[in-house]
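Colleague: Got a predicted model here, sequence first, then my questions.
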Amino acid sequence: MCTYFVYICRMSKTISDWAFALHGGAGAVAGRIYTETEQHLDELASACRDRLSAGAKALDVVDYAVTELEASGLYVAGRGSAPNSAGHMELDASVMDGRSREAGAVAALQDFVNPIGVARGVMEKTPHVMLAGNGAVEFAREHGYEEVTDPATYYTLPVGVTRADINDIAHGTVGAVALDTTGGLAAATSTGGTFGKLHGRIGDTPLIGPGTWADDNIAISCTGIGEHIIRSGGASSIAFRYKSGVPLATALQEMLDEVARLGGDAGVIAVTRDGDIAMPYNSQGMKRASAADDSGLFVATFEEGVTL
């Protein structure tokens, strides 16, 4: 029942100076219209391209991209987050720098505008990797991160999600991976989780390893049913396969095969130190975009795509 669509955007055998990929979640439903998110991804990808080509660091670019995805309200993250069974928004995010292996994450963070910024703060301002719940809230307040002052008017249903989906546990995530001109790699992921999740539920997104991974060889962000991604090993399982010599497409598909075997669906974006980009998924669709210095912008939701 699974259809894999892998698009590796390298147009030549040369090593790319910079490359990146973005995703707006693997929860796209066939037959629904995602023109607005594709336009947003196109604009955001153009901005990321400009930053990387001007010499911006991979970590700064993935932070910027995910911040914009969170703020848009178009995806199940940040402003578009999903209420849990108690009606509250609990947000998860993580970021990892491949060169230093430093990482930061927040889980079950309530009512902050920029979860990925708080996650980066955990990485840069504490000796820890993750803060959760009230501890994450206390940290964010102490360091002055912007709070949501009126949750009732701030949060909105993202594109492609209906009120009925709240009862069907719709899901979504946003993420970014990048290679900069110095060879640095970074990854970032953020989500509002599944609609109707139990209070305190945490999926793969804030977990360094399953949801987000970056090292000297590859940067990866996952999206999909978090429970299945965690049990499959997720992003780090791909990275370890790739490091051992398994071809990138094979490493990605083996992880997705395991997710499918466990009864779930997922999508992945990855960029390697050589500038190879892959964006496979086994769900109905995945909102995604990518570019490298030797290729044009690519934007798609389903199997068809446009290289700009």
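Modeller: Sure thing, it's come through.
Colleague: For residue 200, which non-adjacent residue is closest in space?
Modeller: residue 108 (5.9 Å; CB to CB, 6 or more residues apart in numbering). Where C-beta positions appear, they are placed from N, C-alpha and C, glycine not excepted.
Colleague: and residue 31, what pLDDT?
Modeller: Note for residue 31: predicted pLDDT of 87.
Colleague: Name the helix or strand for it, please.
Modeller: Assigning secondary structure by DSSP states H and E places residue 31 outside every helix and strand.
Colleague: now the one 5 residues further on
Modeller: Using DSSP H and E, residue 36 sits in helix 35-53.
Colleague: list the helices and strands that helix packs on?
Modeller: Secondary-structure packing of helix 35-53 (3 or more CB pairs under 8 Å, 6 or more residues apart in numbering; DSSP states H and E): strand 19-23, helix 58-72, strand 174-179, strand 288-292, strand 295-300.
Colleague: now for these, which one comes closest to residue 220?
Modeller: Among those, the nearest to residue 220 by CB to CB is strand 174-179 (6.4 Å).
Colleague: What residues sit buried inside the helix or strand that comes right after the closest one?
Modeller: Of the helices and strands lying after strand 174-179 in sequence (DSSP H and E), the nearest is strand 185-191. The neighbour-count check on strand 185-191 (16 or more other CB atoms under 10 Å) flags 185-191 as buried.
Colleague: Ok, stretch 254-262 next?
Modeller: Using 16+ other CB under 10 Å as the test for burial, stretch 254-262 gives 255-256, 258-260.
Colleague: Same question for stretch 105-125.
Modeller: Neighbour counts over stretch 105-125 (16+ other CB under 10 Å) mark 105-123 as buried.
Colleague: Put the alpha carbons of the helix or strand hosting the residue nearest to residue 200 into PDB.
Modeller: Take DSSP H and E as the rule and residue 108 turns out to sit in strand 103-109. Provided in PDB are the C-alpha atoms of strand 103-109 (Å, rounded to 0.1, in the frame of the first residue of the first chain):
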ATOM      1  CA  ALA A 103      21.500  19.800  20.500                       C
ATOM      2  CA  GLY A 104      18.500  21.300  22.200                       C
ATOM      3  CA  ALA A 105      14.800  20.400  22.600                       C
ATOM      4  CA  VAL A 106      11.600  21.300  24.300                       C
ATOM      5  CA  ALA A 107       8.600  19.000  24.900                       C
ATOM      6  CA  ALA A 108       5.000  19.800  26.000                       C
ATOM      7  CA  LEU A 109       5.800  23.500  25.900                       C
END
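Colleague: residue ranges of the strands in the stretch 101-250 of the chain, please?
Modeller: With DSSP state E, counting those that start in this stretch as the criterion, the stretch 101-250 of the chain has strands at 103-109, 130-132, 174-179, 185-191, 212-214, 218-224.
Colleague: about what we covered before: for the helix holding residue 36, what is the distance to the chain centroid?
Modeller: Mean-position distance between helix 35-53 and its chain equals 15 Å (CA atoms, centre = their mean, to the nearest Å).
Colleague: Would you mind pulling the contact partners of it?
Modeller: Applying CB atoms under 8 Å, 6 or more residues apart in numbering, the external contacts of helix 35-53 come out as 18-20, 22, 24, 58, 60-61, 64-65, 68-69, 72, 74-75, 159-160, 176, 178, 180-181, 287-291, 293, 297, 299-301, 308.
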